[in-house]
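Q: no sequence for this one, just the structure:
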């Protein structure tokens, strides 16, 4: 298995954004010392109550300066929000800055609120993202200047000043649970993955199909399939639950829509959950409806909280049943104290990761 230090860069009460980022760099430096494989961030916009990460290229450059081993990148760039050529230039330059440690996550974007202020159509976000794979391969190809004529991306006679270190390009990830997108990922050799909101029992057959498609194409290596959730490790199960569960049960409050007049917290949860029902994702709707219930989180292992032995066992079990071989753990959530976050990272790096390094879920 492989392990990623993942961060939404959640806002913290009584912290400025600067202070929050100084804390993040301390977290990443520790994770790097412990030989985590990856350091990833999100790209979220217009959510000061939730995530303070709207510029993943800046995260990547700064994190690269503070680490020596980890591979760094966004998970991922919301492709439709960018100028095609400018983003290609940034990616190439970042890979040079990191001396080939850049990981390239690309996503169409899941939140409609990101698109309106940019004057973009949320419903037209998927095909530009898929087409961008071909665009990047042209931009990073041997023929320079390059040209690309597509439905969404067009460039005529451009020569990139800098090419990426990694050839033909940095590894590409596209987090998705959509069957058509997973077929595209397998065909194009893209890593993928999913988040705790999607039930592992629903995910498993989709990612098994992805693996079968991957093998049919004939790629000479296994893909990375990531699973992301909250994780907290302490000396005992009891201590871990006491320290972290109350915060885990409030970690995702920022995902909820703003309250309508007279609307309760429970009403907001139900309204957000209904969106998943409308998409035909009944299992995800159930998780969303219960995402703030600590007992539900623990009973269904939606978060991994416990001793090193317990968390190791949970990862071993659920990576097989949920078909993932990369764990993206979010260690700093809600109002966890820094000393607790750092202890959890250390215990995970020293006692969990070594037990699972050679474990192959598939």
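A: Arrived safely, thanks for sending. Everything quoted here is computed from the prediction, not taken from an experiment. Numbers count the residues shown, from 1 in each chain.

Q: got the buried residues for stretch 33-42?
A: Neighbour counts over stretch 33-42 (16 or more other CB atoms under 10 Å) mark 34, 36-42 as buried. Backbone N, C-alpha and C define where each C-beta goes, glycine included.

Q: swap that for stretch 128-140, sorry
A: Residues 128-133, 135-136, 138-140 are the ones in stretch 128-140 that count as buried (16+ other CB under 10 Å).

Q: same question, stretch 180-191
A: For stretch 180-191, burial by neighbour count (16+ other CB under 10 Å) applies to 181-182, 184-186, 190-191.

Q: Over to stretch 228-243?
A: Applying a neighbour-count criterion of 16+ other CB under 10 Å, one finds 228-234, 239-241, 243 buried in stretch 228-243.

Q: can you tell me which two in those are farthest apart?
A: The largest distance within the buried residues of stretch 228-243, taken as CB to CB, falls between 228 and 239 and amounts to 24.1 Å.

Q: Skipping adjacent residues, who's closest to residue 233 in space?
A: In space, and not counting its chain neighbours, residue 233 is closest to residue 347: 4.1 Å by CB to CB, 6 or more residues apart in numbering.

Q: Next, count neighbours for the one you found.
A: 19 (other CB atoms under 10 Å).

Q: counting contacts, what elements does the strand or helix carrying it pack onto?
A: Following DSSP states H and E, the helix or strand that holds residue 347 is helix 338-347. Contacts defined by 3 or more CB pairs under 8 Å, 6 or more residues apart in numbering; DSSP states H and E place helix 338-347 against helix 17-33, strand 225-234, helix 237-248.

Q: all strands of this protein, in order?
A: 2-7, 38-41, 71-74, 77-78, 104-107, 146-149, 154-158, 172-173, 192-195, 225-234, 304-307, 326-330 (DSSP state E).

Q: out of those strands, nearest to residue 59?
A: strand 38-41 (4.6 Å).

Q: strands paired with that closest one, and their directions?
A: When pairs are called by DSSP bridges, strand 38-41 turns out to pair with strand 2-7 (parallel), strand 71-74 (parallel).

Q: pLDDT (mean, whole number) over the shortest one?
A: Mean pLDDT, computed over strand 71-74, is 98.

Q: what about that strand, distance to the chain center?
A: Averaged C-alpha coordinates place strand 71-74 at 10 Å from its chain's average position (CA atoms, centre = their mean, to the nearest Å).

Q: Now tell me what touches that strand from outside.
A: Contacts with strand 71-74, where a contact means CB atoms under 8 Å, 6 or more residues apart in numbering, come from 37-43, 56-57, 59-60, 63-64, 94, 98, 101-105, 170, 173.

Q: on that earlier part again, any chance of the buried residues of stretch 180-191 in JSON lines, plus distance to residue 314?
A: Supplementary listing: these in JSON lines, determined by distance: CB to CB, whole Å:
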{"residue": "181", "distance to residue 314": "28"}
{"residue": "182", "distance to residue 314": "25"}
{"residue": "184", "distance to residue 314": "31"}
{"residue": "185", "distance to residue 314": "26"}
{"residue": "186", "distance to residue 314": "28"}
{"residue": "190", "distance to residue 314": "27"}
{"residue": "191", "distance to residue 314": "23"}
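
Q: Format those residues as a markdown table; extra columns: pLDDT.
A: Written out in a markdown table, the entries for the buried residues of stretch 180-191 read as follows (pLDDT from 0 to 100):
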| residue | pLDDT |
| --- | --- |
| 181 | 97 |
| 182 | 98 |
| 184 | 98 |
| 185 | 98 |
| 186 | 98 |
| 190 | 98 |
| 191 | 98 |
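
Q: Contacts only, for the residue positioned nearest the centre of the chain.
A: For the chain, the residue lying nearest the average C-alpha position, counting by CA atoms, centre = their mean, turns out to be residue 75 (4.3 Å). The contact partners of residue 75, taken as CB under 8 Å, 6+ apart, are 6, 40-42, 105, 107, 173, 175, 328.

Q: and residue 19, how many neighbours?
A: Using other CB under 10 Å as the criterion, residue 19 is surrounded by 11 other residues.

Q: same deal with the one 4 residues further on?
A: Look at residue 23: counted by other CB under 10 Å, it has 17 neighbours.

Q: The closest residue to it other than its chain neighbours: neighbouring residues, count only.
A: Computed as CB to CB, 6+ apart, the closest residue to residue 23 that is not its neighbour in sequence is residue 338, at 6.2 Å. By other CB under 10 Å, the residues close to residue 338 number 12.

Q: any idea how far residue 338 lies from residue 203?
A: Separation of residue 338 from residue 203 (CB to CB, to the nearest Å): 33 Å.

Q: what's the neighbour count on residue 216?
A: Neighbour count for residue 216, taken as other CB under 10 Å: 10.

Q: Stretch 354-362: which residues count as buried?
A: Using 16+ other CB under 10 Å as the test for burial, stretch 354-362 gives 355-356, 361.

Q: And it, end to end?
A: Distance between the boundary residues of stretch 354-362 (CA to CA, to the nearest Å) amounts to 18 Å.

Q: pLDDT-wise, which helix or strand of this protein ranks last?
A: Sorted by mean pLDDT, DSSP states H and E, the helices and strands of the chain end with helix 265-278, the least confident at a mean of 93.

Q: And that one, what does it pack against?
A: Secondary-structure packing of helix 265-278 (3+ CB pairs under 8 Å, 6+ apart): helix 282-289.
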